[in-house]
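Participant: Provided below for reference: sequence and predicted model.
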Amino acid sequence: MTLQRIRESFWFVPAALCVLGVLLAEGLVILEEEVGRLSLGPLDALVYRVGPSGSRDLLGAIAGSVLTVAATSFSITIAVLTLASSTYGPRLVRNFMADRGNQLVLGVYVATFVYSLLVLRSVRAEGEVDQAEAFVPHFAVTVALVLALLSIAVLVYFIHHVSDSVQVWTLARRTRDDLLDVVNQLFPEDGSEGTQSKPVTELPSSDGVAVRADRCGYVAAVRDSQLVTAATTHDAVLLLRVRPGDFCVQGTTLATVWSAPAEHEPLAGRVLSAVTLAEERTTDQDVMFAVQQLVEMAVRALSPSTNDPFTAVNALDQVSVGLCALVSRPLPSPDRRDEAGVLRVRNPGVAPTEALDFVFDAIRVYALEHPLVLQATVKMSARVGGRTPDVALREHLAGQLDLLLAAFERTSPPAHEMARLQARVAPVRRDLQASDGAG
């Protein structure tokens, strides 16, 4: 998990490109010092045409201009982050920070700057350093010129990329992709973790020992394989009391364990290492956080200061994609077993009804004055209900539509608006209550 966070951090790609820039600069300078001037035929005029003074001026101009463009570009990024944070929600800022395009742009600028400085320090005129001969790393200077041209292309790309990244379609699509990724991870189509249709083993009847958090933070990840290995090694059974997205204070019970008294302490340490606590929620294993981000986008769009129901409709369309995938998958079994088939870990996950309730609860509170959003919610219900074979889930969805109708009626809407919503809900409700299941 730590390695993954490093790869996703904003500085990783720029740092990696800076290292490549250092290696490339030193490598080309050393190569040219050892090999000397090579005959390139017609290309000689392109490579060997700048002396020590010209090379210094060129490298200095490249380094200075690239650094200036980098500062200007990322002041624009900060402005975009501020706009996105205030308009769509501060939690979406993480999408900008993890965006590979922004990281690559910064990496190219910084790497070009570092490369140019390192090559610049190797240029010398005759007699400047201990009466040494003049030296100009022509290949390295030419590569610096190529990097400068690349930086211009990157600037054009960056302007387009930033302009596109603040579009509501782009933000919603990225968040939807995060939701689909976590659904695919936790709810595999092939049911590789087993399904809840299989018998669930009973836990020990005796009281277990609590493993408590040693610090505060959000549960970012739970490594089931490590927990199974630890429980097998210590001949124990674990019941997880938290899941990704939960906030823990120091002393919160993370798991209950049943094992021999001598195994409690070493097993507790391994449980703590397998349950990752972080300062913020992520979508790595947290389905509800991915749903929350799209719902937050819809809710903010419905605020009186924004009053943009079309953005809310777009957010509901995107969240329906993730919900359709979620309800169509077999529900994973909470039991994790060792190779001998012995129960070692029980990890209760997220039920699809929790995600549905979260969306509908928000709509009932914030969208009752927006008929377009209510109609989009009914369409979302039809999509989701048509994808699940679970009769109980379909009935639950029908019940949520009833609650939505009742909440809308309590606002005393115009008769034609009430009749229109009822007319839209009625066929969807009939389909949800049909006994033939999903199509």
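Facilitator: Structure's in. What do you need?

Participant: ok, the residue nearest to L104 when sequence neighbours are not counted - contacts?
Facilitator: Distances taken as CB to CB, 6 or more residues apart in numbering place V13 nearest to L104, at 5.9 Å, with adjacent residues excluded. Every residue, glycine included, has its C-beta placed from N, CA and C. Residues in contact with V13 (CB atoms under 8 Å, 6 or more residues apart in numbering) are R100, Q103, L104, L106, G107.

Participant: What separation do you get for the residue nearest to Q293 when sequence neighbours are not counted and E32?
Facilitator: Closest residue to Q293 apart from its sequence neighbours, by CB to CB, 6+ apart: T175 at 4.8 Å. From T175 over to E32 the distance is 49 Å, taken as CB to CB, to the nearest Å.

Participant: Please name whichever of the contacts of V13 scores lowest on pLDDT.
Facilitator: Of all these, R100 has the smallest pLDDT value, namely 83.

Participant: check which helix or strand covers S85.
Facilitator: Assessed by DSSP states H and E, S85 sits inside helix 52-88.

Participant: What ranges does this structure have for its strands?
Facilitator: Remark: strands assigned in the chain by DSSP state E are 209-212, 217-222, 237-240, 247-248, 253-258, 275-278, 335-337, 343-346.

Participant: Is it possible to get a markdown table of the ones you listed that adds mean pLDDT, distance to R300 and mean neighbour count?
Facilitator: Shown next, in a markdown table, are the strands of the chain (pLDDT from 0 to 100; distance: least, CB to CB, whole Å; neighbours: other CB atoms under 10 Å):
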| stretch | mean pLDDT | distance to R300 | mean neighbour count |
| --- | --- | --- | --- |
| strand 209-212 | 94 | 37 | 18 |
| strand 217-222 | 93 | 22 | 20 |
| strand 237-240 | 94 | 33 | 22 |
| strand 247-248 | 95 | 22 | 16 |
| strand 253-258 | 94 | 33 | 20 |
| strand 275-278 | 92 | 24 | 20 |
| strand 335-337 | 90 | 38 | 18 |
| strand 343-346 | 92 | 37 | 22 |
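
Participant: of all those strands, which lies closest to V291?
Facilitator: For V291, the closest of the strands of the chain is strand 217-222, at 15.7 Å, according to CB to CB.

Participant: Does anything pack onto that closest one? Which helices or strands?
Facilitator: strand 247-248, strand 275-278 (3 or more CB pairs under 8 Å, 6 or more residues apart in numbering; DSSP states H and E).

Participant: Of all these, which one comes closest to V154?
Facilitator: The nearest among the helices and strands packed on strand 217-222, by CB to CB, is strand 275-278 at 31.9 Å.

Participant: Identify all contacting residues around the closest one.
Facilitator: 1, 213, 215-223, 240, 242, 248, 254-255.

Participant: For H160, the count of nearby residues, please.
Facilitator: 11 (other CB atoms under 10 Å).

Participant: quick one, helices of the stretch 251-400 of the chain?
Facilitator: Secondary structure of the stretch 251-400 of the chain (DSSP state H, counting those that start in this stretch): helices at 264-274, 287-301, 309-328, 352-366, 371-385, 391-410.

Participant: okay, the ones you listed, which one's buried deepest?
Facilitator: helix 287-301 (a mean of 24; mean count of other CB atoms under 10 Å).

Participant: got the angle between it and helix 371-385?
Facilitator: Here the directions of helix 287-301 and helix 371-385 differ by 160 degrees (axes from the mean of the first three to the mean of the last three CA atoms, to 10 degrees).

Participant: May I see the buried residues of stretch 159-176?
Facilitator: H161, V162, S165, V166, V168, L171, A172, R174, T175, R176 (16 or more other CB atoms under 10 Å).

Participant: which ones among the residues you listed are found in helices?
Facilitator: H161, V162, S165, V168, L171, A172, R174, T175, R176 (DSSP state H).

Participant: of those residues, closest to T72?
Facilitator: Nearest to T72 among those, with distances taken as CB to CB, is V162, at 11.9 Å.

Participant: Was I right to think V80 contacts S163?
Facilitator: No. The criterion here is CB atoms under 8 Å, and V80 misses it with S163 at 9.1 Å.

Participant: Would you check that I62 makes contact with T112?
Facilitator: Yes. Look at I62 against T112 with CB under 8 Å: they come within range, at 6.8 Å.

Participant: who's more crowded, these two?
Facilitator: T112 (28 against 24).

Participant: residue contacts, the more buried one?
Facilitator: So T112 contacts G21, I62, A63, V66, A144, L147, A148, L150, S151 (CB under 8 Å, 6+ apart).

Participant: Can you select the buried ones among these for me in PyMOL?
Facilitator: The buried subset of the contacts of T112, as determined by 16+ other CB under 10 Å, is captured in PyMOL by this line:
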select buried, resi 21+62+63+66+144+147+148+151
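
Participant: Can you list the low-confidence ranges for the chain?
Facilitator: Applying pLDDT under 70 to the chain picks out residues 1-8, 36-50, 89-97, 126-132, 191-201, 435-439.

Participant: so what are the domain limits for it?
Facilitator: Under the assignment automatic domain parsing, the domains of the chain span 2-166, 288-330+351-432.

Participant: To F187, which of the ones you listed lies closest?
Facilitator: domain 288-330+351-432 (3.9 Å).

Participant: just to revisit the earlier point, anything in contact with each of I62 and T112?
Facilitator: A144, L147, A148.

Participant: Mind checking which of those are in helices?
Facilitator: A144, L147, A148.

Participant: what's near enough to touch the second one?
Facilitator: When the contact criterion is CB under 8 Å, 6+ apart, the partners of L147 are I62, V108, A111, T112, Y115, S116.
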